[in-house]
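In: only geometry, no sequence info:
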């Protein structure tokens, strides 16, 4: 496979905090155009993994290539939606202003927003059914509305790769449907999507690729082959009942899941 056909390629990545390993010797690659679920227990290093790829955390060892290149300029091809808890929602900014931030990597901070930029922001907000809230302060939005606004900002970036850190946490079913529809549209356009996700029951329906992570890489590949009892136990622990809570062993309840 041509290196440029790989959305992300990671070689022997190790990340440490205060000499304690958070990620250990991670090595894998993911083709472009995939909808990827990143799963693992709390403290498994999932958010650290995304932030390391984004250059926000410096690894102890390893190489990261984005679309076949390790140049820092490749980071402009990634749109990132962080966890809501890491965002200052009291910052005095409107919905439209937040969405327009998606243009900053290309415009820079000292270039003026043009009329066509605002039209593009409005179109992005319409895509997530938030256009009528354009002038509202972000701290006046519901949890689901906030997530939709960040989707609109990511859309405005016109990125090739999208990273989302727990986008479904705390949102209602309608917003979940909006998010999945949004992400699937991006995949249809050849974009690559990486989502830190906790609902194992929805992985088969919505994702075609999976990364199972618990400080080290457990498995990476197509959902149909890697979402197995054995891999889940390796990820969440032998004593966990996570698999039994999510699936049953009857074929009519786990159609498409390959037992180990």
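Out: Good, I have the coordinates. All of these numbers come straight from a predicted model, not from anything done at the bench.

In: would you list every one of the strands in this structure?
Out: 6-17, 20-31, 35-39, 61-66, 78-81, 161-165, 192-196, 209-214, 216-222 (DSSP state E).

In: Which residues in the second one does the neighbour count mark as buried?
Out: So the one you mean is strand 20-31. By 16 or more other Cβ atoms under 10 Å, the buried positions in strand 20-31 come out as 22-24, 26, 28, 30. To be clear about C-beta, it is placed using only N, CA and C from the backbone, and glycine gets the same treatment.

In: if we can go back for a sec, can I get the strands of the chain in a markdown table with mean pLDDT and distance to residue 137?
Out: Converted to a markdown table, these look like this (pLDDT from 0 to 100; distance: least, Cβ to Cβ, whole Å):
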| stretch | mean pLDDT | distance to residue 137 |
| --- | --- | --- |
| strand 6-17 | 94 | 35 |
| strand 20-31 | 92 | 36 |
| strand 35-39 | 97 | 32 |
| strand 61-66 | 95 | 34 |
| strand 78-81 | 92 | 20 |
| strand 161-165 | 95 | 23 |
| strand 192-196 | 97 | 28 |
| strand 209-214 | 96 | 36 |
| strand 216-222 | 96 | 41 |
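
In: how about those strands in a markdown table, adding distance to residue 138?
Out: What follows is the strands of the chain, written out as a markdown table (distance: least, Cβ to Cβ, whole Å):
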| stretch | distance to residue 138 |
| --- | --- |
| strand 6-17 | 30 |
| strand 20-31 | 31 |
| strand 35-39 | 26 |
| strand 61-66 | 29 |
| strand 78-81 | 14 |
| strand 161-165 | 18 |
| strand 192-196 | 22 |
| strand 209-214 | 31 |
| strand 216-222 | 35 |
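
In: looking at these, which is closest to residue 179?
Out: Closest of those to residue 179 is strand 161-165, at 8.2 Å (criterion: Cβ to Cβ).

In: Now do the nearest residue to residue 135 once chain neighbours are set aside against residue 126, distance only.
Out: Excluding its sequence neighbours, the residue lying closest to residue 135 (Cβ to Cβ, 6 or more residues apart in numbering) is residue 94, at 5.5 Å. From residue 94 over to residue 126 the distance is 16 Å, taken as Cβ to Cβ, to the nearest Å.

In: again with residue 42
Out: Distance from residue 42 to residue 126, by Cβ to Cβ: 36 Å.

In: Pull out the buried residues from the longest helix seen in the chain.
Out: If you go by DSSP state H, the chain has its longest helix at helix 173-188. In terms of neighbour count (16+ other Cβ under 10 Å), helix 173-188 has its buried residues at 175-176, 178-180, 182-183, 186-187.

In: Not counting that helix itself, show me its contacts.
Out: 33-35, 127-129, 143-145, 147-148, 151, 155, 162, 164, 167-168, 171, 193, 195, 206 (Cβ atoms under 8 Å, 6 or more residues apart in numbering).

In: one more time with 10 Å
Out: 33-36, 79, 81, 127-130, 142-148, 151-152, 154-155, 159-162, 164, 167-168, 171-172, 191-193, 195, 199, 202, 205-208 (Cβ atoms under 10 Å, 6 or more residues apart in numbering).

In: Whichever of the residues you listed end up buried, select them in ChimeraX.
Out: Provided next is the ChimeraX selection string for whichever of the contacts of helix 173-188 are buried by 16+ other Cβ under 10 Å:
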select :33,34,35,36,79,81,127,128,130,144,145,146,147,148,151,152,154,155,159,160,161,162,164,167,168,171,191,192,193,195,206,207
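
In: got a pLDDT number for residue 254?
Out: Confidence at residue 254, expressed as pLDDT, is 42.

In: low-confidence ranges in the stretch 1-150 of the chain?
Out: 105-111 (pLDDT under 70).

In: now the helices for it?
Out: 46-53, 95-100, 104-107, 115-127, 143-156 (DSSP state H, counting those that start in this stretch).

In: Let me know the average pLDDT across stretch 224-242.
Out: 83.

In: So for that stretch, what gets flagged as buried?
Out: 226-229, 231-236.
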